[in-house]
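K.L.:
The following comprises the amino acid sequence and a computationally predicted model.
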Amino acid sequence: MPTTQAMRTWLKESFPLDLDVLKEMSSEPIPYHLKRWWFAVGGTPLYLFMIQAVTGIMLTFYYVPEPAEAYNSVARITNEVPFGWYLRSIHKWSANLMVAAVILHMLRVFFTAAYRKPREFNWMIGAGLLLTSCVFGFTGYSLIYEQISYWAAVVGTNIAEATPLIGGWLANFARGGPEVGANTLTRFFVFHIGVLPTVMVILLVLHVVQIRLHGVTRLRFDERGEPGVGLSISVSAPVTPMEFHEGAQGVSRRKQEEHPTFPFYPDHFYTELIIGLVLTFLLTILALVAPATMGEPANPLVTPEHIKPEWYFYATFRWLKLTSFTIGVVGTMIFVLMFIFWPFIDRWLVRRYPTREISFWVGVAGFAVYMIFTLWEAFV
C-alpha cells in the first residue's frame with residue numbers, strides 16, 4: 001500500500017492536472033440539434049484522419065519511394081506482408097470516406113449558412129481541410145506508381161504548370177524536374193508523410209480552437225420537434241455567437257429554455273463513439289468486399305487509352321475535357337478562390353439582395369453541376 005500511495009503521489013506531482021479544469025473543458029454545452037447524428041459528421045474526418053495516420057505509418061515500414069521499387073514494394077505489401085492487404089485497403093477506403101465526410105460537412109455548413117459572421121475564418125479553414133484532403137489523395141494515389149496513377153501524376157503536374165504566373169515554378173517544384181520521375185516520387189512521398197499531415201494537424205487545431213472560441217453554431221428550427229428537423233432555405237446561422245463559456249451555473253433558465261443544450265460528455269461523446277464504431281465496421285466490410293488492387297506497373301513510354309483520377313477529381317477532369325486546357329485551369333482556380341472566400345461573397349450578395357436567397361440557389365446549382373460532371377466522368 002505505501003508503494004501504491006507513493007506511486008499516486010509521484011503521478012500527481014509529475015502530472016499536476018487540474019481535474020476541475022478538465023471537467024469544465026469536457027462539459028461544453030452542445031446545441032440540441034446535434035442529438036441527430038447527421039448533424040454531427042464534423043468529427044468523422046478527424047476519426048478517419050487518425051485511421052489514416054496509423055495505417056499510413058504501418059505501410060511506410062514496407063514502402064520504398066524509388067521508381068524501380070515503389071510498385072514492387074506495394075505489391076509485396078498487398079500479397080506477402082501479413083494483413084498488408086487489409087491495412088492498405090483500410091488506408092484507401094478511409095481516405096475516400098474522409099474526403100466524402102469533409103464534403104458532406106461543408107455542404108451542411110453551407111446550406112445552414114453557418115459560415116456567416118463571425119465564422120468566416122473557420123469556413124476558410126474548412127476549405128483548406130478539404131483541399132488538403134484532396135492533395136493527400138492525389139499524392140497517395142501517385143505513390144503506387146502503377147500505369148494509371150503515374151499518368152494521373154503527369155496530368156496533375158501539367159495542370160499545375162498551366163497556373164498563371166507561377167505555373168512553371170510550381171510544376172518544376174512538384175516534379176523535381178521537367179518530367180515525372182524519381183524526384184517526383186520522392187517529393188510526393190515527403191509531402192504525403194510529412195508536409196500534408198503537418199498542415200492537416202495545424203488546420204484541425206485551428207478549426208477546433210475556432211469552435212471553442214465561437215461555440216457550435218445554433219440552427220434556428222424547432223430542435224425538440226418530434227417528427228424531425230425540417231431544413232429549408234430560411235435556415236440560417238445566428239449573426240452573433242452564442243455565449244457558451246459562462247459555465248452551467250451562469251446560464252439563465254430562460255436562455256436554457258430558449259436554446260436547450262446537452263453536455264459534451266457523456267451524451268455527445270457517445271454519439272461520436274457510435275459513429276466511430278459504425279465507421280470501423282464499414283471500413284472492414286469495404287476492405288473485405290472491395291480490397292485495394294493494383295494495375296500494370298508505370299510505363300512512361302506508353303500513354304494509356306483512358307486516364308482516371310480519384311473520384312473526387314472527376315468533376316474537374318470532365319470540366320477540363322469540355323473546355324480548352326487554359327480556360328479549364330483558370331476556371332478551376334476561380335472556382336477554388338470563390339469557394340475559399342465564399343463568406344465574403346455571400347455577405348455582398350445579402351447586402352445587395354437582402355430579400356432573395358441567392359446564396360442558397362448558387363449552392364444548389366454548384367452542387368448539381370458537380371454531381372452531373374462527376375457522374376458523367378464516372379460512366380463515360
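P.N.:
Perfect, I can see it now.

K.L.:
Now do the host helix or strand of residue 107: distance to the chain's middle.
P.N.:
Per DSSP states H and E: residue 107 is located in helix 84-111. Computed by C-alpha atoms, centre = their mean, to the nearest Å, the chain-centroid distance of helix 84-111 equals 7 Å.

K.L.:
Quick one: mean pLDDT for that helix?
P.N.:
Averaging pLDDT along helix 84-111 gives 94.

K.L.:
in which helix or strand would I find the closest residue to residue 64 other than its chain neighbours?
P.N.:
For residue 64, ignoring the flanking residues on the chain, the nearest one in space by C-beta to C-beta, 6 or more residues apart in numbering is residue 73 at 4.2 Å. Yep, even glycine has a C-beta here, placed from its N, CA and C like the rest. Per DSSP H and E: residue 73 is located in helix 70-79.

K.L.:
same for that helix, what does it pack against?
P.N.:
If you count contacts as 3 or more C-beta pairs under 8 Å, 6 or more residues apart in numbering; DSSP states H and E, helix 70-79 packs onto helix 84-111.

K.L.:
circling back to that earlier point, confirm for me that the residue nearest to residue 64 is in contact with residue 61.
P.N.:
No - Residue 73 is not in contact with residue 61 according to C-beta atoms under 8 Å; the separation is 10.3 Å.

K.L.:
Which pLDDT value belongs to residue 159?
P.N.:
Listed pLDDT for residue 159 reads 87.

K.L.:
mind listing what it touches?
P.N.:
By C-beta atoms under 8 Å, 6 or more residues apart in numbering, residue 159 lies in contact with 320, 329, 332.

K.L.:
and it, which of the three is it?
P.N.:
Under DSSP: H, G, I helix; E, B strand; the rest coil, residue 159 falls in the helix class.

K.L.:
Past the helix holding residue 107, which element shows up next along the chain?
P.N.:
Next along the chain after helix 84-111, taking DSSP H and E as the criterion, comes helix 120-143.

K.L.:
Average pLDDT for that next one, rounded please.
P.N.:
94.

K.L.:
Could you count how many residues lie near residue 315?
P.N.:
21 (other C-beta atoms under 10 Å).

K.L.:
who's in contact with the residue lying closest to it once chain neighbours are set aside?
P.N.:
For residue 315, ignoring the flanking residues on the chain, the nearest one in space by C-beta to C-beta, 6+ apart is residue 373 at 3.8 Å. By C-beta under 8 Å, 6+ apart, residue 373 lies in contact with 314, 315, 316, 318, 319.
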